[in-house]
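[1] Pasting the sequence and the predicted model now:
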Amino acid sequence: MASQKQFDAVPPFPDNLQTVELSTIPLAGLISGDTKVAEQLFAACQDLGFFLLDLRGDHLGEEIINEIDQLLNLSMEALNLPEEVKKRFPVTPGKSILGFKPRGSSVTETRQQDRYEMLNIAQDGLMGVTDLQPLPDILLDKRRLLTSYMKHGHVIITAICRTLSDQLKIPTETFADLHPANKSSGTTIRMIKAFACTKAEERRTSMIHHTDFGTITLLANVIGGLQVLPAGELLDENAWRWVRPQPGLLIVNLGDVFVQWTGRILRSNVHRIRYAPGEQQNLDRYSLAIVGRPMSSATMKRIHNLGVPSEEETDKTVLEYEWYKMGLVKQGKWEMKTRGGRVISA
Ligand SMILES: O=C(O)CCC(=O)C(=O)O
Ligand SMILES: [Fe+2]
């Protein structure tokens, strides 16, 4: 998450909102393999599939906070480039999420147009697995910063993978080995701009509720807007809870691949971008994510065989499964619901 400086520059997140209680995991304890921290992380990944990662007071963590500050500023510059520039680097609908996604190209739960833009930059290009995708100069100029952040994200993802494997009592490197930085994957750095809402009718969903497809998402933002649905019904607006952004804390959540790999022990929770609350609503909201995926050739097959039988087994590769899910989502045939979170019964 960004530094205190960035938080001081915007109106405060209101105190009177219903927020979700998230576990706070210290990065230092995660990396050093502290047992209590590992247990706490595993519990959070089963109970909600969301937790906070405290980057403060750790050398690597402080470096990451500094990079996030710079990259949030870069996100603002990139997403405010003239439309004709952004249009030269577009996503390819149905084929690739790399590039700029324009505002309003998807819908929300009310079938209204979305209220966000985003840019995805591939890990593959930054790590030299493939050529870097075409990008505007202001981003090419920051290639070193983007690559460094990507590598740091990979360190965090690897540490979380090791902790989860250990807690599931399978070989430590099981999940980490499926995330090599030098093999093709759908992992991206994602920059998002959710638009200010100055009129009452604009205070609605910006990005529709969803679960993340991959394994681990690392999210940094300053202005509120993210909501999760801990329990209850999608259409019950009272069941949604706000996530309070905090300086130095990354928001981490698990995606669908971990649910499949663990026969639904780990949880991929529904979330969405609502609107920025309180006085923050007058500002555009920028968020920066590393959307972590395993290597594309990995399969979705179950890896962990304790626990209950899973009714959603599939042999598809990660890449095949992603487009399969996207296809069903487009046709409105994919039930967007929280999955996983089962207690190990063996
Ligand atoms: O920006 C946020 O708060 C959440 C973004 C998100 O959920 C996503 O990109 O999958
Ligand atoms: Fe998400």
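    Sure thing, it's come through. Ligands and ions are numbered 1, 2, ... in the order given.
[2] which element follows the longest helix anywhere in the chain toward the C-terminus?
    Of all segments of type helix in the chain, defined using DSSP state H, the longest is helix 143-167. Sequence-wise, the next helix or strand downstream of helix 143-167 (DSSP states H and E) is strand 188-194.
[3] Let me know the angle separating that next one from helix 143-167.
    110 degrees (axes from the mean of the first three to the mean of the last three CA atoms, to 10 degrees).
[4] now the longest helix of the chain: how far from the chain's centre is it?
    Helix 143-167 sits 13 Å away from the centroid of its parent chain (CA atoms, centre = their mean, to the nearest Å).
[5] Run through the neighbouring helices and strands of that helix.
    On a contact count with 3 or more CB pairs under 8 Å, 6 or more residues apart in numbering; DSSP states H and E, helix 143-167 meets helix 27-32, helix 35-47, helix 59-79, helix 123-127, strand 188-194, strand 216-221, strand 285-292. (Glycine included, C-beta is placed from N, CA and C.)
[6] who wins for proximity to ligand 1 among the ones you listed?
    strand 285-292 (3.3 Å; CB to the nearest ligand atom).
[7] Please report how far the residue nearest the centre of the chain lies from residue 274.
    For the chain, residue 217 is the residue whose C-alpha lies nearest the centre (CA atoms, centre = their mean; 3.1 Å). For residue 217, the distance to residue 274 equals 17 Å [CB to CB, to the nearest Å].
[8] Enumerate the residues of the stretch 151-300 of the chain near ligand 1.
    Within the stretch 151-300 of the chain, the positions near ligand 1 by CB under 6 Å from any ligand atom are 190, 192, 212, 219, 221, 225-226, 271, 273, 287, 289.
[9] Which single one of those is nearest to residue 13?
    Distances from residue 13 to those, taken as CB to CB, are shortest for residue 225 (9.7 Å).
[10] Check what pLDDT that closest one gets.
    At residue 225, the pLDDT value in this model is 98.
[11] show me the contacts for it.
    With contacts defined as CB atoms under 8 Å, 6 or more residues apart in numbering, residue 225 is in contact with 194, 206, 273-277, 280, 285, 287.
[12] same thing with residue 155?
    31, 60.
[13] List the buried residues for the one helix or strand in the chain whose mean pLDDT sits lowest?
    Least confident element among the helices and strands of the chain, by mean pLDDT, DSSP states H and E: helix 318-330 (a mean of 86). For helix 318-330, the buried set under the neighbour-count rule, 16 or more other CB atoms under 10 Å, comprises 318-319, 321-322, 325, 329.
[14] Kindly report the same for stretch 192-202.
    So, applying 16+ other CB under 10 Å, buried residues of stretch 192-202: 192-197.
[15] can you list those in JSON lines and add distance to residue 63 and pLDDT?
    JSON lines is the format used below for the buried residues of stretch 192-202 (distance: CB to CB, whole Å; pLDDT from 0 to 100):
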{"residue": "192", "distance to residue 63": "23", "pLDDT": "98"}
{"residue": "193", "distance to residue 63": "25", "pLDDT": "98"}
{"residue": "194", "distance to residue 63": "27", "pLDDT": "98"}
{"residue": "195", "distance to residue 63": "31", "pLDDT": "98"}
{"residue": "196", "distance to residue 63": "31", "pLDDT": "97"}
{"residue": "197", "distance to residue 63": "34", "pLDDT": "94"}
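[16] Could you dump these into CSV and include distance to residue 55?
    As requested, the buried residues of stretch 192-202 are exported to CSV (distance: CB to CB, whole Å):
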residue, distance to residue 55
192, 20
193, 23
194, 23
195, 28
196, 28
197, 30
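[17] Closest one of those to residue 231?
    Nearest to residue 231 among the buried residues of stretch 192-202, with distances taken as CB to CB, is residue 194, at 25.0 Å.
[18] Tell me what the closest one is bridged to.
    residue 116, residue 285 (DSSP bridges).
[19] quick one: low-confidence ranges for the chain?
    1, 306-311, 343-346 (pLDDT under 70).
[20] can I assume residue 108 is in contact with residue 202?
    No - taking contacts as CB atoms under 8 Å, residue 108 lies outside contact range of residue 202: 11.8 Å.
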